[in-house]
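[1] sequence first, predicted coordinates after that:
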Amino acid sequence: MMNNNRSPRRWIILAAIFFLALLLYYSLRPKTDPGPAVLNIQMNALPKTLNPFMSSLGATSHLCSRMMLPLGMFDAEKSTLEPLMIKSIPQPRTVTDGPQKGLIAYDFEMLEAAKWDNGTPITGYDFEFTFKLVFNRGVQEMDKWRGYYNYIKGVQVDAANPKKFTVFLSEPYILGVSSLCQIPIMPAYVYDAAGNLKDISLSSLLVEKPDSQLLSDPRLIAAATEFKQPKYGNDLNFISGCGAYKITQFTEQMVTLVKKDNWWGDGLASKYPYLAAYPKQINYKLIREEPGIETMLKTKELDLVYGINPSRFKLWEQDTSINKYYNFEQRWAPQYNRLLLNLTNPKLSDKRVRQAIACAIDYDNLIGNVFKGFANRIVAPVHSSKSYYAKSVSLYPFDLQRAKTLLADAGWKDTNGNGIVDKNLGDGKQTELVINVLASTSVSVVKDLIEAIRETTRQAGIDFVIESMDISPATLRAITGDYEASVSAAGLNTGLDDFYQQFHSSQFAPNGDNRSRFSNAQLDSLIMAIRVCQDETARNKMYVAAQEIIHEEVPEVFLFSTMQRFIVAKKLKYVLTPERPGYYEFLFQLK
C-alpha cells in the first residue's frame with residue numbers, strides 16, 4: 001500500500017531542486033549587455049586633432065573627453081561636481097602651519113582601481129605631470145589653459161600612498177576645485193616617453209615669470225617640441241588616455257571609438273555613475289547635407305542627429321516615416337550665437353559702430369523665421385536662468401534709424417551715394433564700412449542666419465561680405481586675429497562664470513581666448529575681483545556691473561541663446577544634458 005504522507009515531501013524536494021537549478025542557470029548564463037553594439041552619431045564638425053590641448057574646437061574637447069578622463073565632471077542637472085577618477089570631491093581648507101601656511105588646499109585621492117592602459121596605477125604624479133605640460137611655456141597653445149590655473153602654487157604627492165595628493169592655491173578661486181577636476185589627465189609614458197619633464201619640478205614652472213635659464217632648459221624645449229608633434233593628435237598609436245574608449249578610426253568623415261576590454265571602470269558605475277560606458281562602439285559621422293541625413297533617418301542608419309536646421313526639424317517631426325522610429329527632443333543649450341568683432345580693426349574700434357551693428361539686426365526675424373522659435377535673446381554671455389544675469393539691461397532693439405544716427409555720430413556717412421557709409425580713417429582715403437564676415441555656411445542654418453543679418457545691416461549702410469569656410473579654419477582665423485567679424489557659437493557656463501579668459505585685456509588670443517581683443521580697465525578690475533570673491537551678494541553685484549560694461553562696449557553682438565534640437569532613435573534609453581554638446585552618448589542604452 002502507497003504511503004501518501006511522503007508525496008508532498010517529495011514534491012517539495014523536487015520543487016526546491018528545480019528552483020536551485022533555475023537560479024544556477026540564470027547566474028551562469030551570459031548577461032545581456034545593456035549597451036548598443038554600435039552607436040551612430042551625426043556631426044556638423046569633426047576635429048582636426050585629438051590632442052585636447054592643441055585645439056579650441058568644441059568637437060575636439062568632446063571626443064577627447066571620452067578617451068581622456070579628468071578627475072571629475074560637472075552634473076549640470078544637479079549643479080554638482082561629481083567624481084570620476086577620485087573617491088570624492090574635496091572641500092577647500094586653509095593651511096594653518098608649515099611652508100604652505102595661509103594657502104588654500106584641496107586633498108584628493110585617486111580610485112584604487114584607476115590605471116593606465118599599460119597597467120600602471122594612476123597617481124598624483126600623473127596629475128602633477130599634466131600640469132608640467134600646461135606650464136611648459138614652450139607650448140604656446142597651453143596659454144589659454146594657464147589662465148584657469150594661475151592661482152596654483154604647488155602639488156604635493158603622498159610618498160607613502162601616491163594615490164593621495166594635495167593641490168595648493170594662493171587664493172580662494174571661485175572655480176578652484178571645478179577647474180582642477182575638469183582637466184584631462186595625461187599619461188607621461190606616452191606624452192613624455194623620453195622623461196624630459198621627470199626631473200623638472202612643477203614649482204619651478206609655476207612662477208609667473210620663469211627665468212631665462214629655465215626657459216632655455218633643453219629638457220623643456222625637447223618636451224614642448226615632442227608634445228606638439230602631430231602624431232599625438234592624429235596617430236591612433238599615440239592618442240591615449242584612461243577613459244573607457246580607445247580610437248580605432250580617424251578620418252575627415254568619421255571618428256570611431258571602441259570600448260576597451262576589461263576597462264578598470266567596469267563595475268564601478270553603481271557608485272560612480274559617470275564611469276558607465278554602455279555602447280561597444282561609437283561612430284561620429286560628419287554629415288552636413290540635410291537630404292543625406294533625411295535618407296539615413298528613413299533607413300535607420302543614424303541613432304542621434306543634433307543641431308539640425310530648425311525648419312527641417314519641424315518638418316521631419318511630422319514625417320511618419322521618421323517619427324515612427326525617432327523621438328524629437330528640445331533642450332536649452334549652454335551656448336549662444338554671436339557676431340564676434342575684431343576691435344583692432346580700425347573700422348570696428350569705435351563702440352558706436354559696434355552698437356550700430358547691434359541695432360541693425362532684426363532679431364525677431366532671426367528667432368521667429370530662421371530659428372523657428374528655438375532661441376532666446378540674451379544681453380551678455382551669462383545663462384538667463386542665473387541669479388546674477390543682468391535682467392535690468394535693455395536689449396539692443398532692431399532700429400535702423402538709431403543705427404544710422406550712431407554711425408553718423410562716429411563720422412560715417414555715405415559720401416558717394418552708393419548706400420554704404422564711408423569715412424577717412426586717417427590715411428587720406430575714404431574707407432567704406434564693408435566688413436568681411438567668416439561663416440560656416442555649409443551648415444544651412446548658419447547660411448540662413450548670416451544672409452538675414454546682411455540684408456538688414458545693409459539697409460543701415462553697413463555691407464557684410466560673407467567669407468564661407470569650415471568651422472576649424474574659421475576658428476583658427478579668429479584666434480590668430482586674421483578676421484574682421486565672425487559668426488560663431490560660444491559656450492555658456494553651467495557653473496559660476498569667469499570672464500577672465502574671454503574678456504580680460506591680458507588674455508588676447510592666442511595667449512588667451514579674448515578673440516575680440518577687447519580691453520577695458522574697469523572690466524579687468526571687476527573680473528579679477530569676481531574670481532576670488534566668496535560673498536555671493538557682492539559677487540552678484542559685480543557680475544551685473546561686468547555685464548553692463550560688456551553690453552555697452554559690444555566686443556561681440558550677442559544674438560541669442562539657442563534651444564538644441566535632438567533626433568534620437570526610439571530603441572534607445574538616452575541621456576540629454578545641459579552640458580555641451582548636449583548628450584552623454586556613453587550612457588546610451590538599449591531599451
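    That came in fine, so what should we check first? Numbers count the residues shown, from 1 in each chain.
[2] now the strands for the stretch 301-450 of the chain?
    Listed in chain order, the strands of the stretch 301-450 of the chain (DSSP state E, counting those that start in this stretch) span 304-306, 326-341, 375-376, 422-424, 430-432, 434-439.
[3] and what of the stretch 101-250 of the chain?
    104-109, 152-157, 164-169, 245-250.
[4] winner for burial among those strands?
    Comparing the strands of the stretch 101-250 of the chain by mean neighbour count (mean count of other Cβ atoms under 10 Å), strand 164-169 comes out on top with a mean of 21. Any C-beta I mention is one placed from the backbone N, CA and C, and that applies to glycine too.
[5] so what secondary structure elements neighbour that strand?
    Applying 3 or more Cβ pairs under 8 Å, 6 or more residues apart in numbering; DSSP states H and E, we find strand 164-169 packed against strand 104-109, helix 124-134, strand 152-157.
[6] could you dump the ones you listed to CSV with mean pLDDT?
    Output for those, formatted as CSV (pLDDT from 0 to 100):
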stretch, mean pLDDT
strand 104-109, 98
helix 124-134, 98
strand 152-157, 97
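[7] can you put those in JSON lines and add distance to residue 205?
    Converted to JSON lines, the helices and strands packed on strand 164-169 look like this (distance: least, Cβ to Cβ, whole Å):
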{"stretch": "strand 104-109", "distance to residue 205": "19"}
{"stretch": "helix 124-134", "distance to residue 205": "6"}
{"stretch": "strand 152-157", "distance to residue 205": "10"}
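[8] sorry, back to before: and residue 229, which of the strands of the stretch 101-250 of the chain is closest to it?
    Across the strands of the stretch 101-250 of the chain, residue 229 has its closest neighbour in strand 245-250 (15.5 Å, Cβ to Cβ).
[9] before we move on, back to that, nearest to residue 559, of the strands of the stretch 101-250 of the chain?
    Comparing the strands of the stretch 101-250 of the chain by Cβ to Cβ, strand 245-250 comes nearest, at 33.1 Å.
[10] show me what the helix or strand following that closest one pairs with in its sheet, parallel or antiparallel.
    Sequence-wise, the next helix or strand downstream of strand 245-250 (DSSP states H and E) is strand 254-259. Sheet partners assigned to strand 254-259 using DSSP bridges are listed as strand 245-250 (antiparallel), strand 281-286 (antiparallel).
[11] of all those strands, which one is nearest residue 382?
    strand 281-286 (30.2 Å).
[12] buried sites along the closest one?
    Neighbour-count burial for strand 281-286 flags 281-285 (criterion: 16 or more other Cβ atoms under 10 Å).
[13] ok, now which ones touch residue 375?
    Counting by Cβ atoms under 8 Å, 6 or more residues apart in numbering, residue 375 makes contact with 337, 366-367, 559-563.
[14] so how far is residue 564 from it?
    Between residue 375 and residue 564 the distance is 10 Å, computed by Cβ to Cβ, to the nearest Å.
[15] ditto for residue 442
    Between residue 442 and residue 564 the computed distance is 19 Å (Cβ to Cβ).
[16] so between the two, which is more surrounded?
    residue 564 (21 against 15; other Cβ atoms under 10 Å).
[17] count of neighbours near residue 387?
    Residues near residue 387, counting by other Cβ under 10 Å: 9.
[18] enumerate every residue touching it.
    Contacts for residue 387 (Cβ under 8 Å, 6+ apart) come out as residue 540.
[19] again with the one 3 residues further on
    Listed by Cβ under 8 Å, 6+ apart, the contact set of residue 390 reads 379-380, 382, 543-544, 547-548, 551.
[20] make CSV out of the residues you listed and add distance to residue 398 and pLDDT.
    Output for these, formatted as CSV (distance: Cβ to Cβ, whole Å; pLDDT from 0 to 100):
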residue, distance to residue 398, pLDDT
379, 15, 96
380, 19, 95
382, 22, 95
543, 27, 98
544, 25, 98
547, 21, 98
548, 21, 98
551, 16, 98
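[21] care to break this structure down by domain?
    Annotated domains of the chain cover 51-227, 238-332+564-590, 335-563 [automatic domain parsing].
[22] and the ones you listed as JSON lines, adding distance to residue 39?
    Listed next are those as JSON lines, based on distance: least, Cβ to Cβ, whole Å:
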{"stretch": "domain 51-227", "distance to residue 39": "11"}
{"stretch": "domain 238-332+564-590", "distance to residue 39": "4"}
{"stretch": "domain 335-563", "distance to residue 39": "22"}
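[23] of all these, which one is nearest residue 35?
    That would be, of the domains of the chain and by Cβ to Cβ, domain 238-332+564-590, which comes in at 2.9 Å.
[24] so how far is that closest one off the chain centroid?
    On the basis of Cα atoms, centre = their mean, to the nearest Å, domain 238-332+564-590 sits 17 Å off its chain's mean C-alpha point.
[25] need the distance between the two termini of it.
    Domain 238-332+564-590 stretches 32 Å from its first residue to its last (Cα to Cα, to the nearest Å).
[26] go on, stretch 135-155?
    Stretch 135-155: ends 13 Å apart by Cα to Cα.
[27] measure residue 231 to residue 477 for me?
    25 Å.
[28] more neighbours: which of the two?
    residue 477 (18 against 12).
[29] picking up where we left off before, quick one: closest of the domains of the chain to residue 41.
    domain 238-332+564-590 (4.6 Å).
[30] tell me which residues touch residue 138, please.
    Going by Cβ under 8 Å, 6+ apart, residue 138 touches 215, 220-221, 223-225.
[31] in CSV, list the strands of the stretch 301-450 of the chain along with distance to residue 68 and mean pLDDT.
    As requested, those are exported to CSV (distance: least, Cβ to Cβ, whole Å; pLDDT from 0 to 100):
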stretch, distance to residue 68, mean pLDDT
strand 304-306, 22, 96
strand 326-341, 21, 93
strand 375-376, 33, 94
strand 422-424, 50, 97
strand 430-432, 47, 97
strand 434-439, 29, 98
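[32] most tightly packed of these?
    strand 304-306 (a mean of 24).
[33] which residues touch residue 245?
    Contacts for residue 245 (Cβ under 8 Å, 6+ apart) come out as 66-67, 257-260, 277, 282, 586.
[34] next: residue 561.
    332-333, 335-337, 375-378, 383-384, 492.
[35] ok, the residues you listed vs residue 434, which is closest?
    Residue 434 has its nearest neighbour among the contacts of residue 561 in residue 337, at 22.6 Å by Cβ to Cβ.
[36] name the nearest residue to that closest one, sequence neighbours excluded.
    residue 559 (4.4 Å; Cβ to Cβ, 6 or more residues apart in numbering).
[37] I'd say the one you found and residue 335 touch.
    No - Residue 559 lies out of contact with residue 335 (Cβ atoms under 8 Å); the separation is 11.3 Å.
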